[in-house]
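>>> attaching a predicted model along with its sequence, questions to come.
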Amino acid sequence: MKIIFFLFLLLSVSIFSQEPENEQKESGFENIKSNSIEVKGIRERQSSSSEGKISSEKIKSRAIQSPGEIAETIPGVIVTQHSGGGKANQYFLRGFSVDHGTDFASSIDGIGINNPGHAHGQGYNDLNFIIPELVQEIKYRKGVYNVEDGDFSSAGSMHMTYYKTLEKGKVNMEGGSYGHRRVLAMNSTPLGKGNLIYALEYSNFNGPWTIPDRFRKLNSVIGYSIGDESLGFSMQATGYRGSWHATNQIPERAEQKGKSWIFTDNGGLNRFDAADTTDMGKSQRGSLNTEIHRITKNSEAKFMLYALYYDLDLYSNFTYYLSDPERGDQIRQKEIRSVTGGKASYKLKSEIFGLHMDNTVGVHTRRDYVQNELNHTESLYQLEALKTNRLIITSVSPYYENQIHWMEKFKTVLGIRSETYLFNVGDRINYDEVKNTSSLLTPKGGFIIGPWYQTDFFFNAGRGFHSNDPRGLLEKTNQVTTLAGTKGMEAGIKSGFIKNFMMNLTFWKLNLESELVYSGDSGTTEPGRPSVRKGVEWSGQYNVLPYLQWEMDLSLSKANYTKYDPSGDSVPQSARTVASSAIILNKNDHFASIRVRYFGPRPLNEDDTVRSSASTLWSFQYTKNFLESWSFRFEVYNLLNAPYNQIQYYYPTRLKQEPIGPDDGGYNDRLFHPGIPRSFKFALTMSF
């Protein structure tokens, strides 16, 4: 790590010590304004029909219940929850249930959010610390075709960027259904030669649960930046603390509407009850990062370092009294994690034999030091320690990419990324230790043809991977493959041929060497059989009038295991049909949107004999600006009050009153976590 840090430092000094060129930098952006609607486009053509950018305006146009739902601005993404509000969301994308983040990578200002070797699940992707109003832009990519994306990005990735400066400060006060209260203050001010930005957020949400969620969080961001897009330096610190009660999924056989949530001989569970009334969680997160960049007409250089602290204390009971009929199956998953890392990249633009060529070299590195535990508990009191581990996970990932414009309407992109992981895993109960080094090369490539009649054609292919939980290395008989490769390809078009209408169409396929499967009894993900996914995605956006916009997304996919097993070949929880549509009005001081989201049925077991139910959700938002510096916002979530389920599973459980069967295997059943009924939110914002 010291050698890597020295190389980072040497690269930054050599790049940023050069004299700036006396020329104006091309911004790369074109702003086209039509009345009150602003459309932003980038001159440099994208490399895929399944990548794009989400502006802050689009994020603000949605009614959301949790920060994690900003991921639904990405076409084809579904965000749900199966537990208390402070726990990481569950994500669905491209035929994946990526659970809490196993194949969907996220980052904020260059810091990766997914956590390898996490106590609750591999790739745990907790977005509860994100402040949506502070997000300036989201860049998203799907598939395994970009050299900048590494672990956990096989289905897709999203990279969020916070504002470095604000035109106006804001104080936002919210209230709403189910005990929703939120206060946000954010502002920026000149300081010395740079700019200081800060934000502070407090919120509380109880939810419709019989025992209130009481999800309380305190969130803060402070940053300082000097310079501009051509040459700049920034530092940022964040802090987050959250605590909540957790109402987890319950089996359908236990639900008896109108009954008490306490089990009786003739009673059952209400839809919003908890099978274990003591489940809860709390988490903390803090980060510090620094970034420096220099962009000229012919080169781009970026360099960043970061440090991160994170902890989680989570109590869950997924099987109730299946393993321990007397004391119950509640578990405690505890984790303390510290992370250090860095990124550096250099892009050179040149002309060779009359061909425009871009060459990019870069390296990512990260080191996680993790202490986690799995304990058997009863009503929050520890009964026995099941696992106590110490993990050190170090990764070094250099990459190279070449882009050549062979002619005006033909461009190729070729790249390769190398992954080297060093695992050091200790078992503090059995006093065992395993060290392992794993490497993987992930070549990527594609080409773009066009545009003809404002239409581009894309083809991409490449390899990616996801890491498996390194604690599996401690298994003596069946050790895990630490780096499981993925192979994908896609073909698509992006067209603006029809006036005021932009559409994307993509056909894709992805093979996984090892599927990550959710395990209900441990609440974690475990490696499974290889699989294949294929599908088609379509999205469109039509400016009906200068102030009226319609948009729609549709995603169809299928996922199957490729290795035979008599249990079946369907991948449980694989999302097959996802669709959304919205009408957005933005005129004068009025803004309104109505949105619908459809989440189709999914197989819940391998032979596809048990499926989840589908859900259709409507939401509405209206904003009115008045008195120059004030705005009022009104939101309705689940507009038609649909009794939908956020998540459904199928696995064996045993309730306390149920007898022990002859095979002691419990009772297979669908389990569900209900969605929130119709709810309202009011917000008053003052700008200054």
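That came through, no problem. Numbering: from 1, shown residues only.
>>> outside of stretch 596-606 itself, list whatever touches it.
72, 78, 92, 97, 561, 565, 567-582, 610-619, 648-650, 670 (Cβ atoms under 8 Å, 6 or more residues apart in numbering). No exception for glycine: its C-beta is placed from N, CA and C like everyone else's.
>>> tell me which helix or strand of this protein sits lowest on mean pLDDT?
Among the helical and strand segments of the chain, the one scoring lowest on mean pLDDT, DSSP states H and E is strand 29-34, with a mean of 30.
>>> what about the strands in the stretch 401-550 of the chain?
Ranges of strands in the stretch 401-550 of the chain, per DSSP state E, counting those that start in this stretch, are 410-427, 432-452, 455-467, 483-495, 501-512, 516-519, 524-527, 531-545, 548-561.
>>> just the buried ones from the contacts of stretch 596-606, in ChimeraX syntax?
Selecting only the buried entries of the contacts of stretch 596-606 in ChimeraX, with 16 or more other Cβ atoms under 10 Å as the criterion:
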select :72,78,92,97,561,568,569,570,571,572,573,574,575,576,578,579,580,582,610,611,612,615,617,618,619,648,649,650,670
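>>> circling back to that earlier point, most tightly surrounded among the strands of the stretch 401-550 of the chain?
Among these, strand 455-467 has the highest mean neighbour count (mean count of other Cβ atoms under 10 Å), at a mean of 23.
>>> with just CA atoms, put it into PDB.
Written as PDB, here are the backbone C-alpha positions of strand 455-467 (Å, rounded to 0.1, in the frame of the first residue of the first chain):
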ATOM      1  CA  THR A 455     -29.500   7.800 -34.700                       C
ATOM      2  CA  ASP A 456     -26.500   6.000 -33.200                       C
ATOM      3  CA  PHE A 457     -25.900   2.200 -33.200                       C
ATOM      4  CA  PHE A 458     -23.900   0.500 -30.400                       C
ATOM      5  CA  PHE A 459     -22.400  -2.900 -29.800                       C
ATOM      6  CA  ASN A 460     -20.500  -3.800 -26.600                       C
ATOM      7  CA  ALA A 461     -19.000  -7.000 -25.100                       C
ATOM      8  CA  GLY A 462     -16.800  -7.600 -22.100                       C
ATOM      9  CA  ARG A 463     -16.100  -9.400 -18.900                       C
ATOM     10  CA  GLY A 464     -16.700  -8.300 -15.400                       C
ATOM     11  CA  PHE A 465     -17.000  -9.900 -12.000                       C
ATOM     12  CA  HIS A 466     -18.300  -9.800  -8.500                       C
ATOM     13  CA  SER A 467     -16.400 -10.800  -5.400                       C
END
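>>> got the angle between it and strand 410-427?
For strand 455-467 against strand 410-427, the angle by axes from the mean of the first three to the mean of the last three Cα atoms, to 10 degrees is 10 degrees.
>>> what are the pairing partners of strand 455-467, and which direction each?
strand 432-452 (antiparallel), strand 483-495 (antiparallel) (DSSP bridges).
>>> who touches the closest residue to residue 661 other than its chain neighbours in this structure?
Spatial nearest neighbour of residue 661, chain neighbours left out: residue 667 (7.6 Å); criterion: Cβ to Cβ, 6 or more residues apart in numbering. Contact analysis of residue 667 by Cβ under 8 Å, 6+ apart lists 251, 253, 652, 653, 654, 658, 661.
>>> lowest pLDDT pick from these?
By pLDDT, residue 661 ranks lowest within the contacts of residue 667, coming in at 71.
>>> I'd like the strands paired with strand 455-467 laid out as TSV, including distance to residue 171.
Listed next are the strands paired with strand 455-467 as TSV, based on distance: least, Cβ to Cβ, whole Å:
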stretch	distance to residue 171
strand 432-452	45
strand 483-495	40
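>>> residue 174 pairs with what?
Listed beta-bridge partners, residue 174: residue 182, residue 683 (assigned using DSSP bridges).
>>> distance check, it against residue 139.
28 Å (Cβ to Cβ, to the nearest Å).
>>> tell me the centre residue of the chain?
residue 106 (4.8 Å; Cα atoms, centre = their mean).
>>> tell me who's in contact with that residue.
Counting by Cβ under 8 Å, 6+ apart, residue 106 makes contact with 71, 112, 113, 114, 125, 127, 157, 158, 159, 160.
>>> helix or strand for it, which one?
Element membership for residue 106, per DSSP states H and E: strand 104-108.
>>> let me know the average pLDDT across that strand.
Average pLDDT, strand 104-108: 96.
>>> next one: the very next helix or strand once past that strand to chain centre, how far?
Following strand 104-108 in sequence order, the next helix or strand is strand 111-112 (DSSP H and E). Centroid separation for strand 111-112 versus its chain: 11 Å, with Cα atoms, centre = their mean, to the nearest Å.
>>> do the same with stretch 486-501
The chain centre lies 23 Å from the centre of stretch 486-501; the measure is Cα atoms, centre = their mean.
>>> same question, stretch 90-105
Mean C-alpha position of stretch 90-105 versus that of the full chain (Cα atoms, centre = their mean) differs by 8 Å.
>>> also stretch 454-472?
That offset, for stretch 454-472, works out to 16 Å (Cα atoms, centre = their mean).
>>> how about stretch 153-173?
With Cα atoms, centre = their mean, you get 14 Å for stretch 153-173.
>>> now do the end-to-end distance for it.
One end of stretch 153-173 to the other measures 36 Å (Cα to Cα, to the nearest Å).
>>> please apply the same query to stretch 46-57.
The straight-line separation of the ends of stretch 46-57 (Cα to Cα) is 21 Å.
>>> what strand or helix carries residue 236?
Applying DSSP H and E, one finds residue 236 within strand 231-245.
>>> which parts of that strand are buried?
The neighbour-count check on strand 231-245 (16+ other Cβ under 10 Å) flags 231-234, 236, 238-245 as buried.
>>> partners of it, with directions?
Under the criterion DSSP bridges, strand 231-245 sits next to strand 215-227 (antiparallel), strand 280-295 (antiparallel) in its sheet.
>>> quick check, residue 69 in a strand?
No. Read with DSSP: H, G, I helix; E, B strand; the rest coil, residue 69 is helix and lies in no strand.
>>> show me the contacts for it.
62, 79, 89.
>>> give the contact list for the first one.
Right, the one you point to is residue 62. 69, 70, 72, 73, 593, 595, 619, 621 are the contacts of residue 62 under Cβ under 8 Å, 6+ apart.
>>> rerun that using 10 Å as the cut-off
Shown in contact with residue 62 (Cβ atoms under 10 Å, 6 or more residues apart in numbering): 69, 70, 72, 73, 132, 582, 584, 593, 595, 619, 621, 635.
>>> for stretch 393-401, which positions count as buried?
Under the neighbour-count criterion of 16+ other Cβ under 10 Å, stretch 393-401 has 393, 394, 395, 396, 397, 398, 399, 401 buried.
>>> which neighbours does the helix or strand hosting the fifth one have in its sheet, and in what orientation?
Assigned by DSSP H and E, residue 397 belongs to strand 381-407. With DSSP bridges as the criterion, the sheet partners recorded for strand 381-407 are strand 355-378 (antiparallel), strand 410-427 (antiparallel).
>>> confidence score at the residue lying closest to residue 47 once chain neighbours are set aside?
Once flanking residues are discounted, residue 47 sits nearest to residue 413: 5.1 Å by Cβ to Cβ, 6+ apart. Listed pLDDT for residue 413 reads 97.
>>> is it true that residue 413 touches residue 447?
Yes. Here residue 413 reaches residue 447: they are 7.1 Å apart, a contact under Cβ atoms under 10 Å.
>>> find the residues that touch each one of the two.
With Cβ under 10 Å, 6+ apart as the test, residue 413 and residue 447 both reach 47, 404, 458, 460.
>>> show me the contacts for the first one.
Put plainly, it is residue 47. If you count contacts by Cβ under 10 Å, 6+ apart, then residue 47 has 141, 145-146, 401, 403, 411-413, 415, 444, 446-448, 456, 458, 460 around it.
>>> which one of those is nearest to residue 477?
Nearest to residue 477 among the contacts of residue 47 is residue 444, at 35.6 Å by Cβ to Cβ.
>>> what sits against residue 681?
For residue 681, the contacting residues are 63-65, 174-178, 180, 182, 621, 633-637, by Cβ under 10 Å, 6+ apart.
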